[in-house]
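> predicted model and sequence below, questions to follow.
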Amino acid sequence: MSTRATRQPSDADLLAIATSAKRDGDVFTVDSSDGTKVYVVTAASCSCPDWIHRKSYEGEPCKHMQGISLKCTAPLPAKYVGDPFEGFA
């Protein structure tokens, strides 16, 4: 297990992952940052080296898993929340 410090992914990184991920049921594919690899991502695992060699042992999600989580749980924009007929009589 590695103990080196790692940077947290930026919101822009996570958004890029969330918007570019391709879904097939509960499995997603995500391109690597440099575009040379494709990772298979689920809610419980990722095929990226960061998760395989470190994050899985630390019990933490990698940035790809975080991005997928964002894609699956993003709230509706505020303008769509609530009663669409509020204010109309």
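Okay, I see it.
> all helices for this structure, in order.
11-20, 49-50, 56-58, 63-73 (DSSP state H).
> for G59, see how far away the residue positioned nearest the centre of the chain is.
In the chain, the C-alpha nearest the mean C-alpha coordinate belongs to G67, at 1.4 Å (Cα atoms, centre = their mean). Remark: distance between G67 and G59 (Cβ to Cβ, to the nearest Å) = 18 Å. Glycine gets a C-beta too; all of them are placed from N, C-alpha and C.
> so what's D24 up against?
Not one residue lies near D24 by Cβ atoms under 8 Å, 6 or more residues apart in numbering.
> bridging residues for it?
V27 (DSSP bridges).
> list the contacts for G67?
By Cβ under 8 Å, 6+ apart, G67 lies in contact with 9, 13-18, 21, 30.
> which of the helices of the chain sits most buried?
Of the helices of the chain, the one with the most neighbours on average (mean count of other Cβ atoms under 10 Å) is helix 63-73, at a mean of 20.
> so for that helix, mean pLDDT?
Mean pLDDT, computed over helix 63-73, is 87.
> quick one: it to helix 11-20, angle?
60 degrees (axes from the mean of the first three to the mean of the last three Cα atoms, to 10 degrees).
> alpha carbons of helix 63-73, in CSV - could you do that?
Output of helix 63-73 as CSV, limited to C-alpha atoms (Å, rounded to 0.1, in the frame of the first residue of the first chain):
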residue,chain,number,x,y,z
LYS,A,63,-11.4,9.9,-9.8
HIS,A,64,-13.2,7.7,-12.4
MET,A,65,-15.5,6.2,-9.8
GLN,A,66,-16.1,9.7,-8.4
GLY,A,67,-17.0,11.0,-11.9
ILE,A,68,-19.4,8.1,-12.5
SER,A,69,-21.0,8.8,-9.1
LEU,A,70,-21.5,12.4,-10.2
LYS,A,71,-23.1,11.3,-13.4
CYS,A,72,-25.5,8.9,-11.7
THR,A,73,-26.5,11.1,-8.8
